[in-house]
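Engineer: The sequence isn't on hand, but the structure is:
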């Protein structure tokens with residue numbers, strides 16, 4: 001008669017353990033993201049009251065370095081417009097509504 005032996009479960013770890021970021025680096029990145037968002041949000045707040053009347057529910061992509069923004073009904077078209085003019089820049093996407101939120105939960 002053969003007895004089965006209990007196998008130890010395989011312990012899983014990080015997929016790429018060499019890619020762990022230091023807490024200081026994470027905090028620095030989070031602070032940079034917050035500054036970027038504030039700059040984009042300031043431009044959005046400045047223009048959204050004029051645009052919301054005629055383009056409610058449309059999307060707006062903001063490029064904070066130049067202050068330019070791009071609007072369209074489709075989120076992909078809006079993003080494409082921003083990438084065409086500023087291919088190496090990061091833009092922030094908002095929806096032209098009361099909160100600026102772009103998705104649903």
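Structural biologist: Received, thanks. These figures come from a predicted structure and were not determined experimentally.

Engineer: need the longest helix for this protein.
Structural biologist: Ranked by residue count, the top helix of the chain under DSSP state H comes out as helix 23-51.

Engineer: Before we move on, what's the pLDDT of residue 17?
Structural biologist: Listed pLDDT for residue 17 reads 76.

Engineer: most centrally placed residue in the protein?
Structural biologist: Closest to where the C-alpha atoms of the chain average out (C-alpha atoms, centre = their mean) is residue 92, at 6.6 Å.

Engineer: so that residue sits right up against residue 37, yeah?
Structural biologist: Yes. Contact criterion C-beta atoms under 8 Å: residue 92 and residue 37 qualify, at 6.5 Å. The way it works is simple: take the backbone N, C-alpha and C, and place the C-beta from them, glycine included.

Engineer: which other helices and strands contact the longest helix of the chain?
Structural biologist: strand 59-63, strand 68-72, strand 92-95 (3 or more C-beta pairs under 8 Å, 6 or more residues apart in numbering; DSSP states H and E).

Engineer: Please identify the deepest-packed of those strands.
Structural biologist: strand 59-63 (a mean of 23; mean count of other C-beta atoms under 10 Å).

Engineer: can you give me the angle that strand makes with strand 68-72?
Structural biologist: 160 degrees (axes from the mean of the first three to the mean of the last three C-alpha atoms, to 10 degrees).
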